[in-house]
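Trainee: Attaching a predicted model along with its sequence, questions to come.
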Amino acid sequence: LLVSSMVGKDRIIFATKEDHETPSSAELVADDPDDPYEEQGLILPNGDINWNCPCLGGMASGPCGEQFKSAFSCFHYSSEEIKGSDCVDQFRAMQECMQKYPDLYPQEDENDEKSSKDLEAASVEASAAKEEEGSS
(Lines give C-alpha, C1' and ligand atoms only; values in the text may rest on other atoms or scores of the structure.)
Protein backbone atom coordinates (compact mmCIF):
# COMPACT_ATOMS: atom_id res chain seq x y z
CA LEU A 1 0.00 0.00 0.00
CA LEU A 2 1.47 3.32 -1.05
CA VAL A 3 0.36 6.41 0.82
CA SER A 4 1.08 9.84 -0.55
CA SER A 5 0.75 13.27 0.98
CA MET A 6 1.82 16.74 -0.02
CA VAL A 7 4.04 18.84 2.26
CA GLY A 8 4.68 22.21 0.69
CA LYS A 9 6.13 21.57 -2.75
CA ASP A 10 7.36 18.08 -1.84
CA ARG A 11 5.47 14.81 -2.07
CA ILE A 12 6.07 12.19 0.61
CA ILE A 13 5.35 8.58 -0.34
CA PHE A 14 5.35 5.78 2.24
CA ALA A 15 5.94 2.21 1.09
CA THR A 16 5.41 -1.05 2.97
CA LYS A 17 8.11 -3.66 3.58
CA GLU A 18 6.47 -5.80 0.88
CA ASP A 19 6.81 -2.94 -1.63
CA HIS A 20 10.57 -2.93 -1.07
CA GLU A 21 10.90 -6.72 -1.24
CA THR A 22 9.23 -6.95 -4.66
CA PRO A 23 11.90 -6.68 -7.37
CA SER A 24 11.31 -3.87 -9.83
CA SER A 25 11.22 -4.56 -13.56
CA ALA A 26 11.68 -0.85 -14.35
CA GLU A 27 14.75 0.14 -16.30
CA LEU A 28 16.21 3.49 -15.33
CA VAL A 29 17.70 5.43 -18.20
CA ALA A 30 19.95 8.36 -17.38
CA ASP A 31 19.49 11.53 -19.42
CA ASP A 32 22.36 11.78 -21.87
CA PRO A 33 22.38 14.79 -24.21
CA ASP A 34 24.65 12.84 -26.59
CA ASP A 35 22.29 9.85 -26.75
CA PRO A 36 21.49 9.33 -30.45
CA TYR A 37 18.06 7.94 -29.54
CA GLU A 38 17.06 11.26 -27.93
CA GLU A 39 17.12 12.97 -31.34
CA GLN A 40 15.40 10.21 -33.32
CA GLY A 41 11.81 10.89 -32.35
CA LEU A 42 9.24 8.26 -31.47
CA ILE A 43 9.90 5.86 -34.35
CA LEU A 44 13.46 4.87 -35.20
CA PRO A 45 14.59 4.68 -38.85
CA ASN A 46 14.20 0.87 -38.76
CA GLY A 47 10.54 1.24 -37.71
CA ASP A 48 11.09 0.23 -34.07
CA ILE A 49 9.68 2.27 -31.19
CA ASN A 50 12.19 4.57 -29.48
CA TRP A 51 11.39 3.92 -25.82
CA ASN A 52 13.91 6.63 -24.83
CA CYS A 53 12.06 9.36 -26.72
CA PRO A 54 11.34 12.29 -24.37
CA CYS A 55 7.96 12.54 -26.12
CA LEU A 56 6.77 9.52 -24.11
CA GLY A 57 7.12 11.50 -20.90
CA GLY A 58 8.66 8.61 -18.98
CA MET A 59 5.62 6.35 -19.48
CA ALA A 60 7.85 3.46 -20.62
CA SER A 61 9.89 3.45 -17.40
CA GLY A 62 7.33 4.00 -14.62
CA PRO A 63 5.71 1.29 -12.50
CA CYS A 64 3.35 0.50 -15.40
CA GLY A 65 6.09 0.74 -18.01
CA GLU A 66 5.84 -2.88 -19.10
CA GLN A 67 2.05 -2.61 -19.55
CA PHE A 68 2.50 0.67 -21.45
CA LYS A 69 5.12 -0.87 -23.74
CA SER A 70 2.88 -3.87 -24.41
CA ALA A 71 -0.16 -1.74 -25.27
CA PHE A 72 1.77 0.83 -27.31
CA SER A 73 3.69 -1.87 -29.21
CA CYS A 74 0.47 -3.72 -29.98
CA PHE A 75 -1.10 -0.51 -31.32
CA HIS A 76 2.00 0.50 -33.30
CA TYR A 77 2.31 -2.88 -35.04
CA SER A 78 -1.44 -3.49 -35.38
CA SER A 79 -2.55 -4.29 -38.90
CA GLU A 80 -6.27 -4.48 -38.11
CA GLU A 81 -8.68 -2.44 -40.24
CA ILE A 82 -9.47 -0.38 -37.13
CA LYS A 83 -5.89 0.07 -35.91
CA GLY A 84 -5.42 -1.21 -32.37
CA SER A 85 -8.74 -3.00 -32.16
CA ASP A 86 -6.77 -6.18 -31.38
CA CYS A 87 -5.09 -4.52 -28.36
CA VAL A 88 -8.00 -4.18 -25.95
CA ASP A 89 -6.54 -6.61 -23.39
CA GLN A 90 -3.17 -4.81 -23.32
CA PHE A 91 -4.77 -1.39 -22.89
CA ARG A 92 -7.05 -2.75 -20.15
CA ALA A 93 -4.02 -4.15 -18.27
CA MET A 94 -2.26 -0.78 -18.61
CA GLN A 95 -5.32 1.09 -17.31
CA GLU A 96 -5.73 -1.31 -14.37
CA CYS A 97 -2.07 -0.80 -13.46
CA MET A 98 -2.34 2.98 -13.69
CA GLN A 99 -5.36 3.00 -11.38
CA LYS A 100 -3.11 1.53 -8.66
CA TYR A 101 -0.90 4.66 -8.84
CA PRO A 102 -3.30 7.65 -8.94
CA ASP A 103 -0.56 10.08 -7.83
CA LEU A 104 1.64 9.12 -10.78
CA TYR A 105 -1.17 8.70 -13.31
CA PRO A 106 -3.93 11.21 -12.47
CA GLN A 107 -7.39 10.26 -13.67
CA GLU A 108 -9.34 12.56 -15.96
CA ASP A 109 -10.82 15.65 -14.37
CA GLU A 110 -13.79 17.64 -15.65
CA ASN A 111 -11.64 19.52 -18.19
CA ASP A 112 -10.40 16.28 -19.72
CA GLU A 113 -13.82 14.62 -19.88
CA LYS A 114 -14.92 16.82 -22.78
CA SER A 115 -11.91 15.90 -24.92
CA SER A 116 -12.33 12.23 -24.00
CA LYS A 117 -16.00 12.32 -25.02
CA ASP A 118 -15.05 14.10 -28.24
CA LEU A 119 -12.57 11.32 -29.03
CA GLU A 120 -15.18 8.65 -28.29
CA ALA A 121 -17.73 10.41 -30.52
CA ALA A 122 -15.20 10.72 -33.34
CA SER A 123 -14.37 7.02 -33.00
CA VAL A 124 -18.06 6.04 -33.14
CA GLU A 125 -18.60 8.29 -36.17
CA ALA A 126 -15.59 6.77 -37.96
CA SER A 127 -16.86 3.24 -37.24
CA ALA A 128 -20.34 4.16 -38.50
CA ALA A 129 -18.86 5.68 -41.67
CA LYS A 130 -16.87 2.48 -42.34
CA GLU A 131 -20.02 0.39 -41.88
CA GLU A 132 -21.92 2.63 -44.34
CA GLU A 133 -19.09 2.32 -46.89
CA GLY A 134 -19.14 -1.45 -46.55
CA SER A 135 -22.92 -1.74 -46.96
CA SER A 136 -23.18 0.24 -50.21
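Mentor: Thanks, I have it.
Trainee: wait, what's in contact with Gln90?
Mentor: Gln67, Ser70, Ala71, Cys74 (CB atoms under 8 Å, 6 or more residues apart in numbering). Every residue, glycine included, has its C-beta placed from N, CA and C.
Trainee: Which one of these sits in the busiest neighbourhood?
Mentor: Ala71 (23 neighbours; other CB atoms under 10 Å).
Trainee: what stretches of this protein score poorly on pLDDT?
Mentor: 1-17, 19-20, 22-39, 109-136 (pLDDT under 70).
Trainee: at 50 instead, please
Mentor: Counting by pLDDT under 50, the chain has low-confidence residues at 1-5, 7, 37, 112-113, 130, 136.
Trainee: any idea where the helices of it begin and end?
Mentor: 17-21, 65-77, 88-99, 110-135 (DSSP state H).
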